[in-house]
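# I would like to see how this sequence folds:
(chains A and B)
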Amino acid sequence: GAVVSQHPSWVICKSGTSVKIECRSLDFQATTMFWYRQFPKQSLMLMATSNEGSKATYEQGVEKDKFLINHASLTLSTLTVTSAHPEDSSFYICSARGGLGDVEQFFGPGTRLTVL
Amino acid sequence: GENVEQHPSTLSVQEGDSAVIKCTYSDSASNYFPWYKQELGKGPQLIIDIRSNVGEKKDQRIAVTLNKTAKHFSLHITETQPEDSAVYFCALGGGSNYKLTFGKGTLLTVNP
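Down below sits the predicted model:
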């Protein structure tokens, strides 16, 4: 099956610093990658959709200047949380879909971000 | 936007029993209905999905049924095992942007 990896799996940072999370599709080319945030005991909330080579589309209420998304290649997307604060602490999960017409999303293992 | 209601929020069964989780939706344009299993501290794993042109799909102990008229779809797990214990999410898809809308999840506990 399609494999999506994330790095790092967990990160602890100080308030005010920036953190970058990588999402890679290992055995397929991802036309679209999605970034989700999940708080404890809650569902996944879509933050943004990114297509290779174009600007990300953010969901309502998600600050695009705070959550910078780059999708520079068909196998890599990055999410940078800028000037992180404790309320940004969450489980960040990416997913990827393949080519034209593919609807399945394959999820990464997630990144646990803790902001002190 | 799309809305999906998932029930129950928690489900506890004895090993060997069946488990059923149901999701209802309102947007008739939805045409993709996946189910995900999420274990603690991990990302969701696609376990089964169904398209709108199919009423039922089965994969070993797991099945999904879809009633487009009534706008609901269900996950059925038979002969449950302790390793089936996890949070299960239903989701809806169907737009040209390929976005998914997730249900709130069901915590399934299979007691040995």
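
# shaky segments in chain B?
B:1-2 (pLDDT under 70).

# how many other residues sit next to whatever residue of it ends up closest to chain A?
In chain B, no residue comes nearer to chain A than residue B:43, which is 4.1 Å away by Cβ to the nearest Cβ. Just so you know, the C-beta spots here come from the backbone N, C-alpha and C atoms, and that holds for glycine as well. Residues lying near residue B:43 (other Cβ atoms under 10 Å in any protein chain shown) number 22.

# how about the contacts made by residue 6?
Using chain A here. Residues counted as contacts of residue A:6 (Cβ atoms under 8 Å, 6 or more residues apart in numbering or on different chains) are A:21, A:22, A:23, A:24, A:93, A:94, A:108, A:109, A:110, A:111, B:43.

# think we crossed wires, I meant chain B
Contacts of residue B:6 by Cβ under 8 Å, 6+ apart are B:21, B:22, B:23, B:89, B:90, B:103, B:104, B:105, B:106.

# run a quick neighbour tally on the residue lying closest to it once chain neighbours are set aside.
Leaving aside its chain neighbours, residue B:6 sits nearest to residue B:103 (3.0 Å; criterion: Cβ to Cβ, 6 or more residues apart in numbering or on different chains). Residue B:103 is flanked by 25 other residues according to other Cβ under 10 Å.

# do residue A:39 as well
Other residues within reach of residue A:39, judged by other Cβ under 10 Å, total 11.

# around chain B, which positions in chain A sit nearby?
Contacts of chain A with chain B, taken as Cβ under 8 Å from any Cβ of the partner chain, map to A:4, A:6, A:32, A:34, A:42-44, A:46, A:49, A:57, A:93, A:97, A:103-110, A:112.

# now these: which count as buried?
A:4, A:6, A:32, A:34, A:43-44, A:46, A:49, A:93, A:97, A:104-110 (16 or more other Cβ atoms under 10 Å in any protein chain shown).

# so which of the residues you listed sit within strands?
Members of those lying in strands (criterion: DSSP state E): A:4, A:6, A:32, A:34, A:46, A:49, A:93, A:97, A:106, A:107.
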